[in-house]
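In: okay, here's the prediction I keep looking at, along with the sequence it came from:
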Amino acid sequence: MTFLFRALIVPLQACILFLAIHGVHGVHGNDNGEDGSNIGIADHVDLPSPLPLDANPFADDNGILPVDLAYETVDLAGRFIYSINDASQAVDVLPNKYTVHSFQDTGSTEVMIVSTESSSSSLESEQQDGKGRIMVVFRGTDETADGDWLTNIDLPKVPSFGPPNRTLSASLVVPALDYFSGELKNSTISLKVHRGFNNGVFSDGLYDHVVSILNSNSLLGRDNGTYYDHTVHFMGHSLGGANAQLMGTYYAHFHPTISVHITSLGAPRQGNLAYKILAESIPNLSIWRMVYCNDIVPRVPNIRYHHAGHLLYYQCDDNDENDVGANAYYRQSGDPIQGYAGVSLWDWTVSPLAGLDLVNHHLGNQYMEWLELALHDTSFWTDAFELEEEENRRSMMATTMTTTRDMDSMTTTTTRDMDSTTTTTRDMDSITTTTTTTTTSYGTDGFEPEEKNQRSMMTATTTTRDMDSTTTTIATARITRSSSSSMGGREPSHDTTTTTIMDIKTALETLQSQDSLYSLRGSQSSVDS
């Protein structure tokens, strides 16, 4: 009954959580058409096909998300920004290494622009190394009763995204099955994004304000852009992560000379497959998304929404609370041509028994605990994408493992009441099977009583199996037969024959057929070789 209750209540919790986390920006500051769609297309992109998409050198060749950048993202977007409401407060709250350039609150979206002179992961560092970062940080849902709390009611998608009258659209041609003819025909998928997210991040002149700050002499204009290496980082947590990805993708497309990095934690999906392909094909854009364990928000909305960018996923073991660890998945779904594995549906689906972890694992402090460990212990991070053969190997191991979780050895003892006892010992390196067969009596029907017959002894048979080769050793079967009474009533003579037998079943059949004088009584024991 408890399981049934949880199975029903958890999806309801997820819906309520998603409705609570994101706000409907469509009800505030909507400069778009009555249906929420943007008017006026600034650019249209015909996306490459067929899929899978070609590699993106900028996004792929720079390696896994650096742990110090991930830490800074979590610290700014998952912690500090929730304590900031204006620029002066940002100066007071943030460590000295940060310079605050702007803090904007439109009533539904909060964004902060800061820079640092040092890329050191130490928050107190004031080292002037000329390798600083420009960071556009979006805040997720807060406790105030503004547009943040209404986002997800505005679920319909719009066919383009960006500031009003300057939107970006795209289309993708893919083969699709025609249900009437049963033939494959080309089908066009037009880009669509979540209307609430789009309106929130591109309304009230917010985008233009951000661009003006970035282009100032203190940031991208400093030393003709060389000081910050023509690079901008967009980051955010939860709703802030969705906003960061939408604005960062739009900005990257229209600023091809700027290297754009988007880093988010616990962010929901923002658009359909065409949006994903657009974001992953922009040559100056890199997207990394961090997800902690059972965080429910990155798994919604689900119907016809897709995640763009690479996934860094910290997996927990729900059974014994031993963490699986951090894995990196290429574009989340992988690429079979390049040999990259995608995250499996089994690993990505959260258990109905996760309960409050669906919410707790979304909190910024959970991500901070993970990154605190990863910053000082590389075992909590990863340095390469998951490969298909590694994923398949782990899946095979998972499906073949028994319920016994002793990775060093596993012992199973089986007793059979068939005149024999079999003990099987299994080790991870070798398997040894020992079978002991009890004494079996052979009599001569119609001649001498069975109890007066001499008995044959089948010696113990030991089968040893190694992981590389199988060796079967059959001990000598010593067979002693008594003479029949038809031999003149003389004292029985003992004809002892020693035979080396490679198969026990063959030996028994041979005994049964010899001279038709002997029959086998009792159970026949077989050894699985």
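Out: Okay, I see it.

In: parallel or antiparallel, list what pairs with the host helix or strand of Ser115.
Out: Element membership for Ser115 (DSSP states H and E) is strand 110-116. If you go by DSSP bridges, strand 110-116 pairs up with strand 98-105 (antiparallel), strand 133-138 (antiparallel).

In: just say which of those strands is most tucked in.
Out: strand 133-138 (a mean of 25; mean count of other CB atoms under 10 Å). Using the backbone N, CA and C atoms, a C-beta is placed for each residue, glycine as well.

In: so what touches that one?
Out: Strand 133-138 is contacted from outside by 69, 72, 76-77, 81, 109-116, 119, 201, 210, 214, 219-220, 228, 231-236, 239-241, 243-244, 247-248, using CB atoms under 8 Å, 6 or more residues apart in numbering.

In: filter those down to the buried ones, PyMOL style.
Out: Buried members of the contacts of strand 133-138, defined by 16 or more other CB atoms under 10 Å, are picked up in PyMOL with:
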select buried, resi 69+72+76+77+81+109+110+111+112+113+114+115+116+119+201+210+214+219+220+228+232+233+234+235+236+239+240+241+243+244+247+248
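
In: which of the contacts of strand 133-138 fall in helices?
Out: Among these, the residues falling in helices (DSSP state H) are 69, 72, 76-77, 201, 210, 214, 239-241, 243-244, 247-248.

In: who does Tyr313 bridge with?
Out: Val291, Asn327.

In: and it, how far is that from Gly40?
Out: For Tyr313, the distance to Gly40 equals 38 Å [CB to CB, to the nearest Å].

In: Glu369 too?
Out: Glu369 is 45 Å from Gly40, by CB to CB.

In: same deal with Thr109?
Out: Taken as CB to CB, the span from Thr109 to Gly40 is 21 Å.

In: am I right that Thr188 falls within a strand?
Out: Yes: using DSSP: H, G, I helix; E, B strand; the rest coil, the secondary structure at Thr188 is a strand.

In: so what's it bridging to?
Out: Assigned bridge partners for Thr188, using DSSP bridges, are Val173.

In: now do the contacts for it.
Out: Thr188 neighbours (CB under 8 Å, 6+ apart): 171-173.

In: before we move on, the earlier item: so which of the strands paired with strand 110-116 comes closest to Ala55?
Out: strand 133-138 (25.6 Å; CB to CB).

In: and the helix or strand that the closest one is followed by, what does it pack onto?
Out: Using DSSP H and E, the helix or strand that follows strand 133-138 in sequence is strand 157-158. Counting contacts by 3 or more CB pairs under 8 Å, 6 or more residues apart in numbering; DSSP states H and E, strand 157-158 packs against strand 193-194, helix 195-202.

In: give me the neighbour count for Thr349.
Out: Neighbours of Thr349 under the rule other CB atoms under 10 Å: 10.

In: so for it, what's the pLDDT?
Out: On the pLDDT scale, Thr349 is placed at 91.

In: residue contacts, it?
Out: Going by CB under 8 Å, 6+ apart, Thr349 touches no other residue.

In: likewise Asp92?
Out: Counted by CB under 8 Å, 6+ apart, Asp92 has zero contacts.

In: would you say it is within a helix?
Out: Yes: using three-state DSSP, the secondary structure at Asp92 is a helix.

In: re earlier: ok, and what's touching the strand holding Ser115?
Out: 76, 81, 84, 90, 94, 97-104, 132-139, 142, 206, 210, 213-214, 218-219, 228, 240, 243.

In: in this structure, which segments are predicted with low confidence?
Out: 1-39, 118-130, 142-155, 318-323, 390-529 (pLDDT under 70).

In: so which residues of it form helices?
Out: Listed in chain order, the helices of the chain (DSSP H) span 2-22, 57-60, 67-77, 87-93, 195-202, 206-214, 239-254, 273-281, 345-348, 357-360, 364-376, 388-400, 504-513.

In: noted, bye for now.
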